[in-house]
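*Asks:* one predicted model, sequence on top.
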Amino acid sequence: MPPPPPALPDELIEEVFLRLPPDEPACLVRASLASKLWFGLLTGPIFCSRYREFHGTPPMLGFFYSHGPYCRSSVAEEPEPLFVSTTKFGSCIPDHDHDVDWCYSLHDAWDCRHGRVVIGDRDASPAKLVVLDPMTGDWRELAAPEDYDSYGAAVLCNVTGCDHLACHEGPFQVVVVGIDIGDSVAHAYVPLQGTGELHMPISQWSKPCPGLHIGSDAFIQPMPPVLIQDTLYFMLVYDDDFRVGILKYDLCSQCLSLIDAPLAEAYIDTVTILMGMKDGSLGFAHLDGLNLNLWSRQMGSDGVGSWTECRVIDLDEFLPIQNPEKGLRLMGSSEGRDIIFVSMDLGIYEINLKSLEWKKIWNRRNFHALIPYMSFYCP
């Protein structure tokens, strides 16, 4: 009987496990259950840190969504899942019970970034919000500062210099923007104690930033804002003609301002989204039939930003279905990855704008915005 093969050194085993795909978290789970040695290796902080550094960009483990004003279902009669997994990742979202009955009654995601998601009820007066960590199940309530006709919110890591690869349990910041449609004025708030523990409620807010007049009949599109460096961008829609505008919030100066969209004409909001481009610029995507038009906003040496149309893609050549019965609809994007999400007859698809590859991620399409949840998972 031949002797057993020599055991691999721990260093080589670790190199093998580093190459397991991050978008298939079940691989790491199965490997960690194979032996005590592997369990200790794969759950240790050194391997987890190396694994995140090796792969760089966190994978998309699933998505949250927003119903928007036109496709909200009766969640009381038939609750829908708050989170849809696109991998074999099981989120730690609390069940619907007396302690966390917001899970289904506040069935709308407003933003998801740096391992956390903001869930809110726009119909409440004032709006009710919860910040949730899907990896651990920790959550924190927020009482909105004022009663507004239209709301937007953002959640982001509050650690200077963080690489955002594993910061979901650290300090975070929340920004809430509200619009009083009657006065056509927008305000923004941040919590006074926004860096505390997740289980402690947020009830005290900063004074609002100086009000910004944004024109009549404008409301914030129920899509997550785009974060570019130290600036958040919310998309506005003007109810009278569905014209699109962009509301800018500077995190450093805590001031609001308006910037023009690259298209001057009136465009329906469901075919237009803001996106964070891979080069770090603000992007603007618009569907004209089956033509996807992409713009990028670059800052000049004088500090003035300008739009440049960088690409026009004829999606008809790459569609997984010919002659779709209904027009395509833009549902969101993945910041810094040149990936967008569209809905069509067969469901919801992810499109890589670099390779133009399509990937189906869900059959249903009865909601307004798709908000990807991107994070590393280690056992």
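*Replies:* It's in. Predicted model, so just to flag it, every value in this text is computed and none were measured.

*Asks:* for this structure, which segments count as helices?
*Replies:* 10-18, 25-32, 36-42, 45-55, 102-105 (DSSP state H).

*Asks:* tell me the average confidence for the first one?
*Replies:* Across helix 10-18, the average pLDDT comes to 84.

*Asks:* remind me what it packs against, helices and strands.
*Replies:* Using 3 or more C-beta pairs under 8 Å, 6 or more residues apart in numbering; DSSP states H and E as the contact criterion, the secondary-structure elements in contact with helix 10-18 are helix 36-42, helix 45-55. Using the backbone N, CA and C atoms, a C-beta is placed for each residue, glycine as well.

*Asks:* contacts for it, please.
*Replies:* By C-beta atoms under 8 Å, 6 or more residues apart in numbering, the surrounding residues in contact with helix 10-18 are 28, 31, 37-38, 41-42, 47, 50-51, 54.

*Asks:* distance from the chain centre to it, please.
*Replies:* For helix 10-18, the gap between its own C-alpha mean and the chain's C-alpha mean amounts to 32 Å (C-alpha atoms, centre = their mean, to the nearest Å).

*Asks:* then the third one?
*Replies:* Remark: helix 36-42 is offset 33 Å from the chain centroid, using C-alpha atoms, centre = their mean.

*Asks:* mind listing what's buried in it?
*Replies:* Residues of helix 36-42 classed as buried by neighbour count (16 or more other C-beta atoms under 10 Å): 38, 41-42.

*Asks:* try the first one
*Replies:* Of the residues in helix 10-18, those with enough neighbours to count as buried (16+ other C-beta under 10 Å) are 13-14, 17.

*Asks:* any idea of the angle it forms with helix 45-55?
*Replies:* Interaxial angle of helix 10-18 relative to helix 45-55 (axes from the mean of the first three to the mean of the last three C-alpha atoms, to 10 degrees): 50 degrees.

*Asks:* which residues in the stretch 1-150 of the chain form strands?
*Replies:* Along the stretch 1-150 of the chain, the segments classed as strands by DSSP state E, counting those that start in this stretch run 60-66, 84-85, 109-113, 116-121, 128-132, 139-143, 150-157.

*Asks:* re earlier: next, format the helices and strands packed on helix 10-18 as a markdown table and append mean pLDDT and distance to residue 366.
*Replies:* Output for the helices and strands packed on helix 10-18, formatted as a markdown table (pLDDT from 0 to 100; distance: least, C-beta to C-beta, whole Å):
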| stretch | mean pLDDT | distance to residue 366 |
| --- | --- | --- |
| helix 36-42 | 87 | 39 |
| helix 45-55 | 87 | 33 |
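
*Asks:* need those in a markdown table (columns: distance to residue 225).
*Replies:* Formatted as a markdown table, the entries for the helices and strands packed on helix 10-18 read as follows, by distance: least, C-beta to C-beta, whole Å:
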| stretch | distance to residue 225 |
| --- | --- |
| helix 36-42 | 36 |
| helix 45-55 | 25 |
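
*Asks:* looking at those, spot the one closest to residue 150.
*Replies:* Of all the helices and strands packed on helix 10-18, the one in closest proximity to residue 150, counting by C-beta to C-beta, is helix 45-55 (37.1 Å).

*Asks:* just put the strands of the stretch 1-150 of the chain in JSON lines and tack on mean neighbour count, distance to residue 343 and mean pLDDT.
*Replies:* Shown next, in JSON lines, are the strands of the stretch 1-150 of the chain (neighbours: other C-beta atoms under 10 Å; distance: least, C-beta to C-beta, whole Å; pLDDT from 0 to 100):
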{"stretch": "strand 60-66", "mean neighbour count": "24", "distance to residue 343": "11", "mean pLDDT": "90"}
{"stretch": "strand 84-85", "mean neighbour count": "16", "distance to residue 343": "14", "mean pLDDT": "88"}
{"stretch": "strand 109-113", "mean neighbour count": "25", "distance to residue 343": "16", "mean pLDDT": "93"}
{"stretch": "strand 116-121", "mean neighbour count": "25", "distance to residue 343": "21", "mean pLDDT": "89"}
{"stretch": "strand 128-132", "mean neighbour count": "23", "distance to residue 343": "25", "mean pLDDT": "86"}
{"stretch": "strand 139-143", "mean neighbour count": "19", "distance to residue 343": "29", "mean pLDDT": "80"}
{"stretch": "strand 150-157", "mean neighbour count": "24", "distance to residue 343": "22", "mean pLDDT": "91"}
